[in-house]
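J.: Could you look at this predicted model? Sequence included:
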Amino acid sequence: MVGGRITRLSVHDVRFPTSFEGHGSDAMHTDPDYSAAYVIIETDAKDGLKGYGITFTLGKGTEVVVCAIHALSHHVLNKNLGEIVRNFRGFYRQLTSDGQLRWIGPEKGVVHLATAAILNALWDLWAKQEGKPLWKLLVDMDPKQLLSCIDFRYITDALTEEEAYEILQKGSIGKKEREKQMLEHGYPAYTTSCAWLGYSDQQLKQLCSEALKEGWTRFKVKVGADLEDDIRRCRIIRDMIGPEKTLMVDANQRWDVPEAVEWMLKLAEFKPLWIEEPTSPDDILGHATISKALAPLGIGVATGEQCHNRVIFKQLLQAGALQFLQIDSCRLGSVNENLSVLLMAKKFQIPVCPHAGGVGLCELVQHLIIFDYISISGSLENRMCEYVDHLHEHFKYPVVIKKASYMPPKDAGYSTEMKEESVKEHQFPEGKIWQKLMAAQKN
Ligand SMILES: C[C@H](O)[C@@H](O)[C@@H](O)[C@H](O)C(=O)O
Ligand SMILES: [Mg+2]
């Protein structure tokens, strides 16, 4: 039975110095220190279980998100977990409608990242109390219960609750077989780990040849800062992987709309499946223009990792502005909002290829996409989940990759829990790792 009064919510600013070696670097984020605002929720229940939630941030951004989590915490404290999840739609609405805090959102930016961290912790605790991994908790819910977690406000012009119900009803056909298939073979993944923008050609070649040996067949390359560099790097990787394997490119919002089209005409010879985040994530019509211009070349547009909320996803879908939809487990309002986006994607028949990487994003989003396959999309066509090979060792239940696929997590919860020692060492600024780095900078 789910329950327990929430007695404590604590937040940690946890940072990893990934920028020192160029890990995670792209055309806009040249010095990313992968970080997380890490929430721990405790209750007075006898089971002693705790809920862990993260939202992904980069270095300094974390302290701002931590403040927002504190500001939202009164909505959670002293509430009963059972009451929250029995009316999850209402609770989501309450959290995102705080009369004072919504002014600095609404449902976007810092306050929404904070919302994600808190809700992720509640989902983790719910799944733990049920003794199931989160994907299985979702798979076992009936359509009505799933829908009761979603706030349909602002999206009913694109997807009504009745349509969503129908999608879930249809999705229940063949669920058992798909669950079995996932448990046996996992969910297909692609790797971004070979070709961060800050990596040398030598490093790129070495990582690519290792990835090929490990059985990877889909690769993403960072582009967007310098055309000559991009051509050279794409050539290296295309030559190494051959014509059959899949290549994607990611510009992380570097370009104007016409510039994006011109640049991609120059990279078209490398046959990328998609260009990711070609321009501002807010420019829905710009994405539509780029999609239209690149369609004859067989290049799709992918976006979503910095998409504020379900409303922007709705408009991207309505405008035909994307061909690959990239949900993110820590930017949207947790599982609740991601459920609505997965259902909209199904209605518009756009494949979902989640954004992952960062710290913990792979651990979390695998649950959502495995659930999506079993209960909503029922298809693996043109679908794959991002994988980045960093920082998994800091998690208590790290992802398991086999033959370039995500194997469904078996432990109860949302895989959000970090090792205590890792949190202690990486806490900013007092953690050992940061104290050492700061002392070295002084000398
Ligand atoms: C700063 C980050 O590493 C981003 O570059 C990364 O999330 C990226 O856009 C991706 O698609 O993995
Ligand atoms: Mg990206």
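T.: Nice, thanks for sending it over. Numbers count the residues shown, from 1 in each chain. Ligands and ions are numbered 1, 2, ... in the order given.
J.: State the pLDDT value of residue 401.
T.: Residue 401 carries a pLDDT value of 98.
J.: That one reaches residue 187, doesn't it?
T.: No. Applying C-beta atoms under 8 Å as the test, residue 401 and residue 187 come out as separate, 10.1 Å apart. Where C-beta positions appear, they are placed from N, C-alpha and C, glycine not excepted.
J.: can you list the residues of the chain near ligand 1?
T.: 24, 26, 29, 32, 192, 250, 252, 305, 355, 357, 358, 386 (C-beta under 6 Å from any ligand atom).
J.: mind listing what the one residue in the stretch 201-350 of the chain that gets nearest to ligand 2 touches?
T.: Across the stretch 201-350 of the chain, no residue is closer to ligand 2 than residue 250, which sits at 4.3 Å (C-beta to the ion). With contacts defined as C-beta atoms under 8 Å, 6 or more residues apart in numbering, residue 250 is in contact with 26, 192, 220, 221, 222, 223, 224, 275, 276, 277.
J.: State the phi and psi torsions of residue 190.
T.: Main-chain torsions, residue 190, degrees, to the nearest 10: phi -130, psi 160.
J.: Pull the number of nearby residues for it.
T.: 22 (other C-beta atoms under 10 Å).
J.: how close does it get to residue 274?
T.: Residue 190 sits 11 Å away from residue 274 when distances are taken as C-beta to C-beta, to the nearest Å.
J.: which neighbours do these two share?
T.: Common neighbours of residue 190 and residue 274 (C-beta under 8 Å, 6+ apart) are residue 248.
J.: Show the end-to-end separation of stretch 298-310, please.
T.: Terminal residues of stretch 298-310 lie 27 Å apart, using C-alpha to C-alpha, to the nearest Å.
J.: Now do the buried residues in that stretch.
T.: 299, 300, 301, 302, 303, 304, 305, 306, 307, 308, 309, 310 (16 or more other C-beta atoms under 10 Å).
J.: all strands of the stretch 101-250 of the chain, in order?
T.: Along the stretch 101-250 of the chain, the stretches classed as strands by DSSP state E, counting those that start in this stretch are 187-195, 218-222, 246-250.
J.: looking at these, which is buried most?
T.: Counting by mean count of other C-beta atoms under 10 Å, strand 218-222 has the highest mean neighbour count of the strands of the stretch 101-250 of the chain, with a mean of 25.
J.: mean confidence for it?
T.: In the prediction, strand 218-222 has an average pLDDT of 98.
J.: Next: stretch 105-116.
T.: 98.
J.: Doesn't residue 282 belong to a strand?
T.: No. Under DSSP: H, G, I helix; E, B strand; the rest coil, residue 282 falls outside any strand and is assigned coil.
J.: right, and it touches residue 315 too?
T.: No. Using C-beta under 8 Å as the test, residue 282 is too far from residue 315 to be in contact (10.0 Å).
J.: Among the two, which residue is more densely surrounded?
T.: For residue 282 versus residue 315, the count of surrounding residues by other C-beta under 10 Å is larger for residue 315: 17 against 13.
J.: if I look at the more buried one, how far off is residue 303?
T.: Distance from residue 315 to residue 303, by C-beta to C-beta: 12 Å.
J.: shared neighbours of those two, anything?
T.: With C-beta under 8 Å, 6+ apart as the test, residue 315 and residue 303 both reach residue 321.
J.: hang on, the earlier thing: what bridges to the residue of the stretch 201-350 of the chain closest to ligand 2?
T.: residue 222, residue 276 (DSSP bridges).
J.: Doesn't residue 54 belong to a helix?
T.: No. Assigned with three-state DSSP, residue 54 falls outside any helix and is strand.
J.: tell me the secondary structure for the nearest residue to it once chain neighbours are set aside?
T.: Excluding the flanking residues, the one nearest residue 54 by C-beta to C-beta, 6 or more residues apart in numbering is residue 36, at 4.2 Å. Of the three states, residue 36 takes strand under three-state DSSP.
J.: now the one 5 residues further on
T.: Remark: residue 41 carries the secondary structure label strand [criterion: three-state DSSP].
J.: show me what contacts it?
T.: Per C-beta under 8 Å, 6+ apart, neighbours of residue 41: 6, 8, 9, 50, 51, 52, 53, 76, 118, 121, 122, 125.
J.: Pull out the buried members of those residues.
T.: 6, 9, 50, 51, 52, 53, 76, 118, 121, 122, 125.
J.: Tell me the one of these nearest residue 146?
T.: Each of those was checked against residue 146 using C-beta to C-beta; the closest is residue 122, at 15.8 Å.
J.: That closest one reaches residue 84, doesn't it?
T.: Yes. Between residue 122 and residue 84 there is a contact at 6.3 Å, judged by C-beta under 8 Å.
J.: so what sits against both of those two?
T.: residue 76.
J.: Show me the contact partners of stretch 280-287.
T.: Stretch 280-287 is touched from outside by 253, 257, 278-279, 301, 303, 305-308, 312, 315-316, 319, 321-322, with contacts defined as C-beta under 8 Å, 6+ apart.
J.: please redo it, this time with the cut-off set to 6 Å
T.: For stretch 280-287, contacts defined as C-beta atoms under 6 Å, 6 or more residues apart in numbering pick out 253, 257, 279, 301, 306, 307, 315, 316, 319, 321, 322.
J.: ok, the third one touching residue 254?
T.: No. No contact is recorded between residue 279 and residue 254 when judged using C-beta atoms under 6 Å, the distance being 8.1 Å.
J.: Give me the distance between the two termini of stretch 313-326.
T.: End-to-end for stretch 313-326, by C-alpha to C-alpha: 10 Å.
J.: likewise stretch 245-253?
T.: 25 Å.
J.: just stretch 216-236 next, same as before
T.: End-to-end for stretch 216-236, by C-alpha to C-alpha: 16 Å.
J.: before we move on, the earlier item: can you tell me which of the residues of the chain next to ligand 1 are in strands?
T.: 192, 250, 386 (DSSP state E).
J.: closest to residue 379 among those?
T.: Nearest member of those to residue 379, counting by C-beta to C-beta, is residue 386, at 18.1 Å.
J.: Against residue 362, how distant is the closest one?
T.: 7 Å.
J.: Write out the residues of this structure neighbouring ligand 2.
T.: Those residues of the chain that sit near ligand 2, judged by C-beta under 5 Å from the ion, are 250, 276.
J.: Can you tell me which residue sits nearest the middle of the chain?
T.: residue 328 (2.6 Å; C-alpha atoms, centre = their mean).
J.: Thought residue 355 was touching it, still the case?
T.: Yes. With contacts counted by C-beta under 6 Å, residue 328 reaches residue 355, the gap being 4.6 Å.
J.: what's the overlap in contacts for these two?
T.: residue 305.
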